[in-house]
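Colleague: Everything below, folded, please.
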Amino acid sequence: MGKLALYRYTIQKRKRKRKPIEIHQTYAMSSLCKQQPNLQFQHSTPPTTAMQRRFRRGDLVEVASVEEGFVGSYYEARIVTDLVMNEYIVQYKTLVKEDLSGPLREVATAPEVRPRPPKIPPPANEFRLYDVVDAFDNDGWWVGKITGRTGDGRYYVFFETTGDELPYPKDSLRVHQDWVNGKWVS
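Modeller: Residues are numbered from 1 along each chain as shown. Below is the predicted model:
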């Protein structure tokens, strides 16, 4: 079983293991989240405190995972609450509560949150070898590189974080962009 396949299984378990966050639990959870070790982002540098954008309730964002095995992936979400201490309660678009009763809500720190990238049309003809792309897989966007093309028009994408190479249709890929100093860079 490849690493990404193992991560797919882990994400399915993750969906069932996470507990929803209630608003009255926010401050207790906030202090628990501070116990997470600082992990390096491998594909996007988190903005510095001076450059961090403040988001408001209802803003559409992406949340970078800092969990081992998920670094380099981003999940679409909406800001539910802007907390003090550079934290937010986010509600995910694709991740669900443990009991599958609705979208998952959790606390995310400001460096983990970025606006959704603007849509850039894919190259008119095709992606080129070694283009950096985001592939939608397992409910999130994963950063990888184009390593080839199949006969039926799919693209092979290599993921440095997992060591896997998997084929994707063009409509599951987007041009990779980094959020750097408050601006999108591709």
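Colleague: residues in contact with Tyr168?
Modeller: Remark: with contacts taken as Cβ atoms under 8 Å, 6 or more residues apart in numbering, Tyr168 is in contact with Ala135, Phe136, Asp137, Arg154, Tyr155, Val157. From N, CA and C alone the C-beta is placed, and that goes for glycine too.
Colleague: Burial check on the nearest residue to it once chain neighbours are set aside, number of neighbours?
Modeller: Setting aside the residues directly before and after it, Tyr168 is nearest to Ala135 in space (Cβ to Cβ, 6 or more residues apart in numbering), at 5.0 Å. Neighbour count of Ala135, defined by other Cβ atoms under 10 Å: 24.
Colleague: How about the contacts made by Phe127?
Modeller: Taking Cβ under 8 Å, 6+ apart as the test, what Phe127 contacts is Val133, Ile146, Tyr155, Lys170, Leu173.
Colleague: Among those residues, which lie within strands?
Modeller: In strands, judged by DSSP state E, the following of the contacts of Phe127 are found: Val133, Ile146, Tyr155, Leu173.
Colleague: surely the third one meets Lys145?
Modeller: Put plainly, it is Tyr155. No. Checked against Cβ atoms under 8 Å, the pair Tyr155 and Lys145 is beyond contact range at 10.1 Å.
Colleague: Give the residues shared as contacts by those two.
Modeller: Contact criterion Cβ under 8 Å, 6+ apart; residues bridging Tyr155 and Lys145 by contacting each: Val133.
Colleague: And the pLDDT at the residue lying farthest from the centre of the chain?
Modeller: Of all residues in the chain, Gly151 sits farthest from the chain's C-alpha centroid, using Cα atoms, centre = their mean; the distance is 29.6 Å. Looking at Gly151, its pLDDT stands at 89.
Colleague: coming back round to it: looking at Tyr155 and Lys145, which is more packed in?
Modeller: A count of neighbours by other Cβ under 10 Å puts Tyr155 above the other of Tyr155 and Lys145, at 23 against 17.
Colleague: and the more buried one, what are its bridge partners?
Modeller: Assessed by DSSP bridges, Tyr155 has beta-bridge partners Arg149, Tyr168.
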